[in-house]
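Q: Next come a sequence and a model predicted from it.
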Amino acid sequence: MSYHLHSLLRNWNNTRSIFFVITLFLFGNICIAILISAEEIVALETDSFSLGIENTGNIVHFIDKATGKDYIDNQQKTTIAVLRGDKQSFPAKTIKYEGGLLTVDFGEVAGQVVFRITPGPKRIVFEVQSVSWDKAEELSYAEVPLTLKGTFEDTFAVTPLALDLKTNCNQIPGLCSKLTGFIVYKRFGLEGAKGALVAATMEGIRDALKDAIKSSSDLPQSDLGGPWALDAKINQGSYLISTGEYVTEETVSQWIDVAKSMGATQIDLHGGYPFRWGDFEVNPELYPRGRDSLKAVIDTIHQAGLYAGLHTYSFFIDKKTPWVTPVPDARLASDTIFTLSEDLSAENNQVVVDESTETMSAVTGFFIRNSATLRIDDELIIYKDVQKNLPYTFTECVRGAYGTKVSAHKKGTKVHHLKECFGLFVPDVNSTLFTEVIQRTADLYNYCGFDMVYLDALDGSDVLGGWENAWHYSAKFVYELVRRLNKPPIMEMSTFSHHLWCVRSRMGAWDCPMRGKKEFVDYHIISNRQWKYSFLPTNLGWWGIFDWDGVQPERSMPDELEYICAKALATDSSLSYVAGFTPKNLNSDKFQRFAKIAKKYEDLRLKGIVPKSVKEKLAELGAEFTLNIDENGAIEFRHITYSKYTVTDNEILNKFTVNNPYGSQPLKMRVEALLAMDTEDSPDAKPLADFNKEDEFSKAETQKGVSATLQYPITEAGDEKLKAILHAENTEVEEKRSWAVFRKEFKDMIDFSNKGIGVWVKGDGQGEVLNFQVASPKHLIGGFADHYITVNFNGWRYFELVEPESYLLTRYEWQHTRMREDFLAGKSEIMSFAYPMYHYWVNFKNIATLTIGVNNIPMGKLVEVGIGPIKTIPLKSMKIKNPTIQVGDVKLTFPAEIESGSYVEFLSRDHCKLYNAKGEFV
């Protein structure tokens, strides 16, 4: 058995005064357009800057005309344009400017490109007029190396702005340290493509961007997005997301109560069941009068002074829509078209085709861009396997899938392999079906009077035309949608690229963590810092309040919510809640405790009365505070430290030290009972690894500078426990990065539900760390559960591994993790590691791999660890009776039975409460 001890230490002397200053700035705008051509340098000029290009095509200056300062980085030579095609690249050789036309010559093979140069207020617009080379596939231009920092420390600001959907840019508009330039493609049309360089004072750059967007007929304008986003108070509010509980005419008043109790200003209605993806048909079970019922819900939300969000899955199509069943629409997108090799009878479950099936797969999953669905005429067929040699065959087919009609098909009939992502079909992006989905989305928004659109699943835009074209098709969808809406929406989406900025209202909504929540918040804050340079409000959600469930997810505690609320206040970020804050929980003790925390912070944030100096302290990563507001409204933020320890009854001495960084104070603590494990000889224990076969595990994968072997089977007699010996040596890498791993792939996935790992380890006392990891396969999200053992002992010791690692995940670097110091320094792509580390849930019913890892190997030493059989052993609930904590010479006994999932919170002798597994006061 084991349990957590949480020690609470507070600084009661950190009271702050509060004051504020409001300053208004008003700016004018004078536009001057001057174009100068010199003998050696062409100077393209507007009222705010001058761009200088040598006649050889090299960019030589970028001058702020107000100060005369040149921001070009002369350490880098960059040409004005590069033309690519026929597997070759051609940089500019010479340029000529005359009559507003900039002619760039790329040499005898690649010919010339002509740009029309149009100056505007604070901008220069490049438009591709003509491309002479018929093999040209891609043109990049206007890459400019600069000496700017791209932060508010600069006094001058420079940014690119693509003015149409022909022109790509890999930077988000805002403050830039350099310009990476524009790229146009033959696929979308080279001629007519436009991009603008925009530059102004720091105070004037947003107005300059507003004017540039207004000047383009190809860009949608939203008063709530892009350069306007910070002006709109509506963008600052926090919101609830309704998922498992739905907002209906019967429940809307309760949802309003939930929102107001925690300070939220918006309710986001998540679709799927309430309204169907794709055709947006309203579910009559929830809304008996159809859209009128849903509109009544939105009207009620508005009458309460709140806003309503339409949460969609972008262009994706539910498999129950009329576009799928009973007759599949020919405009459903496919990625491959085959040809029937022979007649297919209505009874046959084998589909034989002429073309190779080498790239086909029957593996599908939420994140997998693949379907196992074929369309032949008006029938859909699901296959379970693929034969990749002759005869090419889709096997074990289910005919008449999704309610379509089984029928015979003639030899030579086309077989369409449908596209799928997130378990949904996709419209052909070049068909009218794509437009119909957009119109259906707009119709629901307009009819019901929504205020917000969250385009979830837009990160699946690559399924439309490949990863390299996702920027274009995602923006095409969004632009066409925004143009059809009768009022500008608060706009968020699950992906971000240059073109989405002009309509985006806020940035930063991540999926909620299920473990290591405070660490996750820290890394979210670091990631969000960049968006202030794009003038977008930030969001620190989504956040979930979870009950105890044994192993996954980690139960939510009030201090975790207070941590994110304090950081949201400190960084002027809104919050969004996807789990836990619902009408079902409205009257519970747990909800009231959490809601009070959220509301007091949210009220302060929206009032904007906390001084910058206080916010800076609150924003310190890892620093924790608690907020007290007395009956007179006086505000106190106090430092607080939570120290967490896990102790088990099979340890010889459960003793630990708490360091108090503050003055002497009374003891405050939380004692939480965890799950227990059955005995290792339980009849229900099953082997995960017995090391009987030589190829049971893969060869070592290692960090550079580390070598490792896993020796098994052990043939020498004498030690019955010993089944494998792990040797590892570290010759050059930092100890906490010195990893090596061995993997076992299960032929049939293991059901690990309600189980832990039991293993004997023979230690050598050198402090290395073992990791026993189980993981689900990629197509089932790919979540992992690490379990660490520090080998600070000699001889055999038995370990029960239950709860996956959480806050220790950043202590060591593995292939799948990064260390906290790397996240804090911005050395890692944060989201790509933080999501699998903290957000991805493990599918314990389907475990595909067992990994044995070793890390923290002492430099220059060889470690040797013995490993016994590795077993899965059932977990069980247990009770801790009258637990006693001794602090110094003083013993404190809690006269109660604490069952697994329950916890005691001791703040004083007059405040000692027992809570059950649902967080309710007992």
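A: In hand now; what should we look at? Residues are numbered from 1 along each chain as shown.
Q: remind me which residues of this structure are low pLDDT?
A: Low-confidence segments of the chain, defined by pLDDT under 70, span residues 1-39, 650-653.
Q: Repeat the analysis, applying 80 as the threshold.
A: For the chain, the stretches with pLDDT under 80 are 1-39, 648-655, 716-717, 827-828.
Q: which residue is nearest the middle of it?
A: Residue closest to the mean C-alpha point of the chain, counted by Cα atoms, centre = their mean, is Trp510 at 4.8 Å.
Q: Got the phi and psi for that one?
A: phi -110, psi 160 (degrees, to the nearest 10).
Q: give me the element the nearest residue to it once chain neighbours are set aside is part of.
A: In space, not counting the residues next to it along the chain, Trp510 is nearest to His524; the distance is 5.7 Å by Cβ to Cβ, 6 or more residues apart in numbering. (Glycine included, C-beta is placed from N, CA and C.) Taking DSSP states H and E as the definition, His524 sits inside helix 517-528.
Q: Could you do Arg638 as well?
A: In this structure, Arg638 sits in strand 635-648 according to DSSP H and E.
Q: about what we covered before: now do the helix holding His524 against strand 635-648, angle only.
A: If you take axes from the mean of the first three to the mean of the last three Cα atoms, to 10 degrees, helix 517-528 sits at 130 degrees to strand 635-648.
Q: Which other helices and strands does the helix or strand following helix 517-528 contact?
A: Per DSSP H and E, the first helix or strand lying C-terminal to helix 517-528 is strand 538-539. In this structure, strand 538-539 packs against strand 573-574, with contacts taken as 3 or more Cβ pairs under 8 Å, 6 or more residues apart in numbering; DSSP states H and E.
Q: Can you name the element that comes right after the strand it packs on?
A: Later in the chain than strand 573-574, the nearest helix or strand by DSSP H and E is strand 576-579.
Q: That following strand - contacts with which helices or strands?
A: Other elements packing on strand 576-579 under the criterion 3+ Cβ pairs under 8 Å, 6+ apart are strand 239-242, strand 543-544.
Q: Relative to the whole chain's centre, how far out is the helix holding His524?
A: Going by Cα atoms, centre = their mean, to the nearest Å, the spacing between the C-alpha centre of helix 517-528 and its chain's C-alpha centre is 11 Å.
Q: what's in contact with that helix?
A: Helix 517-528 is contacted from outside by 507-508, 510, 513, 538, 540, 554, 556, 560, 563-564, 567, 571, 573, 619, 621-622, 624, 807, 809-810, 820, 823-824, 826, 830-831, 834, 838-839, using Cβ atoms under 8 Å, 6 or more residues apart in numbering.
Q: on that earlier part again, the strand holding Arg638: which residues count as buried?
A: Within strand 635-648, the residues that qualify as buried are Ile635, Phe637, Arg638, His639, Ile640, Thr641, Tyr642, counting by 16 or more other Cβ atoms under 10 Å.
Q: Any chance of these in TSV with distance to Met360 as columns?
A: As requested, the buried residues of strand 635-648 are exported to TSV (distance: Cβ to Cβ, whole Å):
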residue	distance to Met360
Ile635	63
Phe637	59
Arg638	61
His639	59
Ile640	57
Thr641	56
Tyr642	52
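Q: which residues of the chain fall in helices?
A: Secondary structure of the chain by DSSP state H: the helices cover 205-214, 252-262, 291-303, 432-448, 462-465, 470-484, 517-528, 558-570, 589-607, 612-618, 820-824, 830-834.
Q: from memory Ser242 sits against Trp255, does it?
A: Yes: Ser242 sits in contact with Trp255 when judged by Cβ atoms under 8 Å, with a separation of 6.8 Å.
Q: list the residues that contact both of these two?
A: By Cβ under 8 Å, 6+ apart, Ser242 and Trp255 have these common neighbours: Ile267, Thr582.
Q: And this structure, split by domain according to the record?
A: If you go by automatic domain parsing, the domain ranges for the chain are 35-219, 234-317+429-503, 334-418, 686-804+842-876.
Q: Mind checking the ones you listed for the one nearest to Thr325?
A: With respect to Thr325, and counting by Cβ to Cβ, the nearest of these is domain 334-418 at 3.9 Å.
Q: how far out from the middle of the chain is that closest one?
A: Domain 334-418 has its average C-alpha position 34 Å from the chain's average C-alpha position, going by Cα atoms, centre = their mean.
Q: The chain should start at 482 in everything you say after this.
A: Sure thing, new numbering starts at 482, so read that last one as domain 815-899.
Q: what distance separates the start and the end of that domain?
A: Between the start and the finish of domain 815-899 there is a gap of 4 Å, counting by Cα to Cα, to the nearest Å.
Q: returning to what we had before: just put the helices and strands packed on strand 1057-1060 in a markdown table and tack on distance to Ile1338 and mean neighbour count.
A: Conversion of the helices and strands packed on strand 1057-1060 to a markdown table gives the following (distance: least, Cβ to Cβ, whole Å; neighbours: other Cβ atoms under 10 Å):
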| stretch | distance to Ile1338 | mean neighbour count |
| --- | --- | --- |
| strand 720-723 | 44 | 26 |
| strand 1024-1025 | 37 | 24 |
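Q: now those strands as JSON lines including distance to Lys1185?
A: Compiled in JSON lines, the helices and strands packed on strand 1057-1060 are given as follows (distance: least, Cβ to Cβ, whole Å):
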{"stretch": "strand 720-723", "distance to Lys1185": "43"}
{"stretch": "strand 1024-1025", "distance to Lys1185": "38"}
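Q: For Glu823, find the nearest of those strands.
A: Nearest of these to Glu823, taken as Cβ to Cβ: strand 720-723 at 50.6 Å.
Q: So in that sheet, which strands flank the closest one, and in what orientation?
A: Applying DSSP bridges, strand 720-723 is found paired with strand 747-751 (parallel), strand 1057-1060 (parallel).
Q: what about dumping the CA coordinates of the last one to PDB?
A: Extracted as PDB, the C-alpha positions of strand 1057-1060 are listed here (Å, rounded to 0.1, in the frame of the first residue of the first chain):
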ATOM      1  CA  SER A1057     -11.300  27.500 -20.900                       C
ATOM      2  CA  TYR A1058     -12.700  24.500 -19.200                       C
ATOM      3  CA  VAL A1059     -13.400  21.300 -20.900                       C
ATOM      4  CA  ALA A1060     -14.200  18.900 -18.000                       C
END
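Q: Now do the strands in the stretch 682-831 of the chain.
A: The residue ranges that make up the strands of the stretch 682-831 of the chain, judged by DSSP state E, counting those that start in this stretch, are 720-723, 747-751, 788-793, 815-820.
Q: Of those strands, which stretch is the most buried?
A: Highest mean neighbour count of those: strand 720-723, a mean of 26 (counted as mean count of other Cβ atoms under 10 Å).
Q: that older thread, distance to Gly1031 added to the domains of the chain, as JSON lines?
A: Rendered in JSON lines, the data for those read as follows (distance: least, Cβ to Cβ, whole Å):
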{"stretch": "domain 516-700", "distance to Gly1031": "42"}
{"stretch": "domain 715-798+910-984", "distance to Gly1031": "20"}
{"stretch": "domain 815-899", "distance to Gly1031": "24"}
{"stretch": "domain 1167-1285+1323-1357", "distance to Gly1031": "7"}
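Q: Nearest to Trp804, out of those?
A: For the domains of the chain, proximity to Trp804 was assessed by Cβ to Cβ; domain 715-798+910-984 is nearest, at 5.9 Å.
Q: how long is that closest one from one end to the other?
A: Chord length of domain 715-798+910-984, first to last residue, is 14 Å (Cα to Cα).
Q: just how off-centre is it within its chain?
A: 19 Å.
Q: Select, out of the strands of the stretch 682-831 of the chain, the one closest to Gly846.
A: Of all those, it is strand 815-820 that lies closest to Gly846, at 16.5 Å by Cβ to Cβ.
Q: which residues touch that closest one?
A: Applying Cβ under 8 Å, 6+ apart, the set of residues contacting strand 815-820 is 834-836, 838, 840-841, 856, 873, 893-900, 909.
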